[in-house]
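Novice: Quick check, what structure comes out for this input:
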Amino acid sequence: PTELIPGFHFELMTTDLRRFESEEFSFDLIYFDAFAPSAQPELWTDEIFEKMFKILAVDGCLVTYCAKGVVKRSMKAAGFEVERLPGPPRKREMTRAWKR
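Specialist: Got it, this is the predicted structure:
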């Protein structure tokens, strides 16, 4: 991990989440930048959100540009608290989910 500022360490992991298994990692933040559910439906399943919930630390955050209702429902079913955020330019909204 790289310490960006004192107390804040960053480690970029590029992996196939469907195959990722680890008991040694606990994440504070997941930036989920998959293509849209219509393009990559296999990455937007209930099982994927359950896996992300499991590997997030308590008070961990999941952020994605996707704001589709089906995605937010899957996040909630996995245990996340889900909220809508204003999106970046050319995107009306995005989604943030917390593990509490």
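Novice: When you work out contacts or count neighbours from here on, use the C-alpha atoms and nothing else.
Specialist: OK.
Novice: Identify the residue nearest the geometric centre of this structure.
Specialist: Computing the C-alpha centroid of the chain and ranking residues by Cα atoms, centre = their mean puts Leu62 first, at 3.4 Å.
Novice: which residues does that residue bridge with?
Specialist: Ile30, Ala97 (DSSP bridges).
Novice: check contacts around it.
Specialist: Applying Cα atoms under 8 Å, 6 or more residues apart in numbering, we find Leu62 in contact with Leu29, Ile30, Tyr31, Phe32, Arg96, Ala97, Trp98.
Novice: ChimeraX command for the buried members of those residues?
Specialist: Per 16 or more other Cα atoms under 10 Å, the buried members of the contacts of Leu62 correspond to this ChimeraX selection:
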select :29,30,96,97,98
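Novice: Show me the two of the contacts of Leu62 that sit farthest apart.
Specialist: The span of these, defined through Cα to Cα, is set by Phe32 and Trp98 at 13.2 Å.
Novice: Within its sheet, name the partner strands of the least confident helix or strand in the chain by mean pLDDT and how each one runs.
Specialist: Every helix and strand in the chain was compared by mean pLDDT, DSSP states H and E; the lowest is strand 8-10, with a mean of 87. Next to strand 8-10 in the sheet, as set by DSSP bridges, lie strand 2-5 (antiparallel).
Novice: Pull the residues that contact the partner strand.
Specialist: With Cα under 8 Å, 6+ apart, strand 2-5 has contacts from His9, Phe10, Glu11.
Novice: What mean pLDDT does it get?
Specialist: The pLDDT scores in strand 2-5 average 92.
Novice: what about that strand, distance to the chain center?
Specialist: With Cα atoms, centre = their mean, to the nearest Å as the basis, strand 2-5 stands 21 Å off its chain's centre.
Novice: do stretch 5-14 as well
Specialist: 16 Å.
Novice: first to last residue in it, what's the distance?
Specialist: With Cα to Cα, to the nearest Å as the measure, the ends of stretch 5-14 fall 22 Å from one another.
Novice: same question, stretch 3-14
Specialist: Start-to-end, stretch 3-14 (Cα to Cα) is 18 Å.
Novice: which one is Arg84 nearest to, not counting chain neighbours?
Specialist: Closest residue to Arg84 apart from its sequence neighbours, by Cα to Cα, 6 or more residues apart in numbering: Thr95 at 4.9 Å.
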